[in-house]
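[1] Attaching a predicted model along with its sequence, questions to come.
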Amino acid sequence: RPPLSTPLTVLTGDTDPQVTPDEARAWSRHTTAAFTLHTFTGGHFYLNDHMPQVQEVLRDILV
């Protein structure tokens with residue numbers, strides 16, 4: 001399918017055993033619009049330790 005024409009934001013943990021940084025970055029090919037990658041310290045459940053920052057990213061996207 002062709003790439004989306006909407007902005008795409010990806011959040012990931014830098015030591016996630018299920019998603020490498022390159023795999024997270026590869027989502028950029030799925031949009032022709034802006035792509036933003038936010039990398040947090042931690043593994044697959046990085047958001048448990050970074051909830052305020054994750055909420056801020058989501059708020060910025062939605063507002």
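    Thanks, I have the structure now.

[2] could you measure the residue lying closest to Ser28 once chain neighbours are set aside against Met51, distance?
    Nearest non-adjacent residue to Ser28, counting by Cβ to Cβ, 6 or more residues apart in numbering: Phe35, 4.1 Å away. C-betas here are computed from N, CA, C, even on glycine. Going from Phe35 to Met51 by Cβ to Cβ, to the nearest Å gives 23 Å.

[3] Those two: which is more packed in?
    Between Phe35 and Met51, Phe35 has the larger neighbour count (other Cβ atoms under 10 Å), namely 15 against 10.

[4] re earlier: what separation do you get for the residue nearest to Ser28 and Pro17?
    According to Cβ to Cβ, Phe35 and Pro17 sit 23 Å apart.

[5] With Arg59 instead?
    28 Å.

[6] Show me which parts of the longest helix anywhere in the chain are buried, residue by residue.
    The residue-count maximum for a helix in the chain (DSSP state H) belongs to helix 51-62. With burial defined by 16 or more other Cβ atoms under 10 Å, the residues of helix 51-62 counted as buried are Val54.

[7] Likewise for stretch 23-40?
    Ala24, Phe40.

[8] That stretch spans what distance, first to last residue?
    The first and final residues of stretch 23-40 sit 15 Å from each other (Cα to Cα, to the nearest Å).

[9] tell me the mean pLDDT for it?
    Averaging pLDDT along stretch 23-40 yields 97.

[10] hmm, who's touching that stretch?
    3-14, 21, 46-47, 49-50, 53-54, 57 (Cβ atoms under 8 Å, 6 or more residues apart in numbering).

[11] Can you select the buried ones from those residues in ChimeraX?
    Selection of buried members from the contacts of stretch 23-40 for ChimeraX, criterion 16+ other Cβ under 10 Å:
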select :8,10,11,12,13,46,50,54
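
[12] Out of the contacts of stretch 23-40, name the ones that lie in helices.
    Pro21, Gln53, Val54, Val57.
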